[in-house]
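>>> Turn this into a model:
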Amino acid sequence: MAEVILDAKHISKYFYEPEKFKVLDDVSFNVAKGEFLTLVGKSGSGKSTLLYILSTMDTDYEGELILNSVNLRGQTQDQLAAFRNEHIGFVFQFHFLLPEFTVLENVMLPALKLGKLAKAEIEHNAYENLKILGLEDQALKLSSKLSGGQQQRVAVARALINKPTIIMGDEPTGNLDSVNTQVIFDIFQQLAHEQKQTLIVVTHDDDFAKRSDRTVVMSDGKII
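Have a look, this model is predicted:
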């Protein structure tokens, strides 16, 4: 039986403006190590809200969240920030690279912040990640000089730098054309199946979702 990496138990959440509204309603599911899972649903279904709770960036919810055998309920913001940096890699719809930094420097940043390895080792790991993504020849370029598809691949390399327990993506192909969407999908599939990297990705792209290992469909704050 596959090792469970993330276990969400009875997650509920309310919004209070302009009036009280239940945006997530008793959501429970788990994710296995090396699984490539997609979260889908119409706008307003609660999928992005759920992702932000799973990523520990939103702590105002009911229920329990266990990630890598650690129960994250009741932890302080500082504890959650440290846990996030070590265990969760993020890929958003926009790459959020620093334009005045090189590709290599952008990839190294989370590991430098974590401070567990020497700079030379971090640089080596960054090059290895760029190699996986076919970007090692772009390492010393300013990130602003790359195409949109290349920049998003750099964002994936950055998400991998701390060897996270899980990678979470919020519409990571939302700004990409079909060719680059396919490239990102292939990378995610390779990471899951060859390197046992666990991924949870919110997407509006039905084709992208259908080809992932498992799709969780949400509607009105519930899994259907």
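
>>> so what's the spatially most central residue of the chain up against?
The centroid of the chain falls nearest to M168 when counting by Cα atoms, centre = their mean (1.5 Å). Going by Cβ atoms under 8 Å, 6 or more residues apart in numbering, M168 touches 51, 54-55, 88-91, 199-201. Placement of C-beta: from N, CA and C, glycine included.

>>> what is it paired to in the beta sheet?
The bridge-partner assignment for M168, based on DSSP bridges, gives F90, I200.

>>> any idea how far it lies from L39?
M168 sits 10 Å away from L39, going by Cβ to Cβ, to the nearest Å.

>>> Of the contacts of M168, which pair is most distant in space?
Of all pairs drawn from the contacts of M168, the greatest distance, 14.1 Å, lies between L54 and V91 (Cβ to Cβ).

>>> so where is the chain shaky, pLDDT-wise?
1 (pLDDT under 70).

>>> Which parts of it are helices?
For the chain, the helices defined by DSSP state H occupy 47-54, 77-87, 103-114, 119-132, 148-160, 178-195, 206-210.

>>> what's the most buried one of the ones you listed?
Highest mean neighbour count of the helices of the chain: helix 148-160, a mean of 24 (counted as mean count of other Cβ atoms under 10 Å).

>>> Dump that helix to PDB, restricted to CA.
Listed next in PDB are the C-alpha coordinates belonging to helix 148-160 (Å, rounded to 0.1, in the frame of the first residue of the first chain):
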ATOM      1  CA  GLY A 148       7.000  32.600 -20.900                       C
ATOM      2  CA  GLY A 149       7.300  28.800 -21.200                       C
ATOM      3  CA  GLN A 150      10.900  28.900 -20.100                       C
ATOM      4  CA  GLN A 151      10.200  31.100 -17.200                       C
ATOM      5  CA  GLN A 152       7.500  28.700 -16.000                       C
ATOM      6  CA  ARG A 153      10.000  25.800 -16.200                       C
ATOM      7  CA  VAL A 154      12.400  27.800 -14.100                       C
ATOM      8  CA  ALA A 155       9.600  28.200 -11.600                       C
ATOM      9  CA  VAL A 156       9.300  24.400 -11.500                       C
ATOM     10  CA  ALA A 157      13.000  24.000 -11.000                       C
ATOM     11  CA  ARG A 158      12.800  26.500  -8.100                       C
ATOM     12  CA  ALA A 159       9.900  24.600  -6.500                       C
ATOM     13  CA  LEU A 160      12.100  21.400  -6.600                       C
END
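
>>> picking up where we left off before, for the contacts of M168, give me JSON lines that also has distance to V27.
Formatted as JSON lines, the contacts of M168 follow (distance: Cβ to Cβ, whole Å):
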{"residue": "L51", "distance to V27": "11"}
{"residue": "L54", "distance to V27": "10"}
{"residue": "S55", "distance to V27": "14"}
{"residue": "I88", "distance to V27": "18"}
{"residue": "G89", "distance to V27": "22"}
{"residue": "F90", "distance to V27": "20"}
{"residue": "V91", "distance to V27": "22"}
{"residue": "L199", "distance to V27": "19"}
{"residue": "I200", "distance to V27": "13"}
{"residue": "V201", "distance to V27": "17"}
